[in-house]
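Asks: test case, fold it:
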Amino acid sequence: MQVLAIHIAPGRKVPARSVESVEAEAGAGLVGDRYHGTKHRHVTIQSQEMLNLAADELGQPIDPGATRRNLTVDEGHIPTRPGSRLRIGDVELEVVRQAAPCRLLDDWIAPGAARAMSQRGGSVCRILTSGSISVGARVHLPAQ
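Replies: Below you'll find the predicted structure:
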């Protein structure tokens with residue numbers, strides 16, 4: 001599993017922009033993202049495989065940036081159990097909770113997008129160790 005895309009948004013209603021790499025700051029979040037400096041919502045992670053399933057249900061493609069998740073991995077299931085840990089390169093993350101799809105997805109993507117993303121929205125994590133995350137970085141999940 002590897003990082004396929006990285007998106008950050010400096011503000012609440014500002015479109016997410018695609019970047020090749022981002023600095024992850026322990027205890028703070030992704031530098032340049034609207035959630036940088038929050039207590040627990042440091043980074044959101046989703047799987048392209050789950051996006052593809054949602055797109056099939058919706059009947060149209062879903063751009064990873066339109067979901068406003070920070071990191072999109074190429075395949076697999078993202079752990080959703082609070083306390084689960086994963087590592088992206090040298091950056092260690094801890095799952096805080098499952099990421100619920102925002103109802104605004106129906107406006108941003110298409111009617112029914114939020115429903116299609118249900119149980120496929122990935123996870124909200126806190127950053128435990130600082131480092132750089134780049135497109136192509138390997139993602140290491142806990143043993144299942």
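Asks: in this structure Arg34 contacts Arg12, no?
Replies: Yes. If you go by C-beta atoms under 8 Å, Arg34 and Arg12 touch, sitting 6.1 Å apart. To be clear about C-beta, it is placed using only N, CA and C from the backbone, and glycine gets the same treatment.
Asks: which of those two has more neighbours?
Replies: Neighbour totals were compared for Arg34 and Arg12, and Arg34 leads with 18 against 8 (other C-beta atoms under 10 Å).
Asks: buried residues of the longest helix along the chain, list them for me.
Replies: Longest helix in the chain by number of residues, with DSSP state H as the criterion: helix 48-58. Neighbour-count burial for helix 48-58, counted by 16 or more other C-beta atoms under 10 Å, picks out Gln48, Met50, Leu51, Leu53, Ala54, Ala55, Leu58.
Asks: out of those, who's nearest Gly65?
Replies: Leu51 (10.8 Å; C-beta to C-beta).
Asks: can you pull the contacts of the closest one?
Replies: Ile62, Pro64, Thr67, Thr72, Arg120 (C-beta atoms under 8 Å, 6 or more residues apart in numbering).
Asks: same thing with Ser130?
Replies: Counting by C-beta under 8 Å, 6+ apart, Ser130 has contacts Glu23, Ala24, Glu25, Ala26, Val91.
Asks: and the last one, what are its bridge partners?
Replies: The reference is to Val91. Ile88 (DSSP bridges).
Asks: wait, isn't it in contact with Val22?
Replies: No. Between Val91 and Val22 there is no contact, the gap being 9.9 Å when judged by C-beta under 8 Å.
Asks: so after the longest helix of the chain, what's the next helix or strand?
Replies: Going down the chain from helix 48-58, the next helix or strand is strand 71-73, by DSSP states H and E.
Asks: where strands are concerned, which of the contacts of Ser130 count?
Replies: Glu23, Ala24, Glu25, Val91 (DSSP state E).
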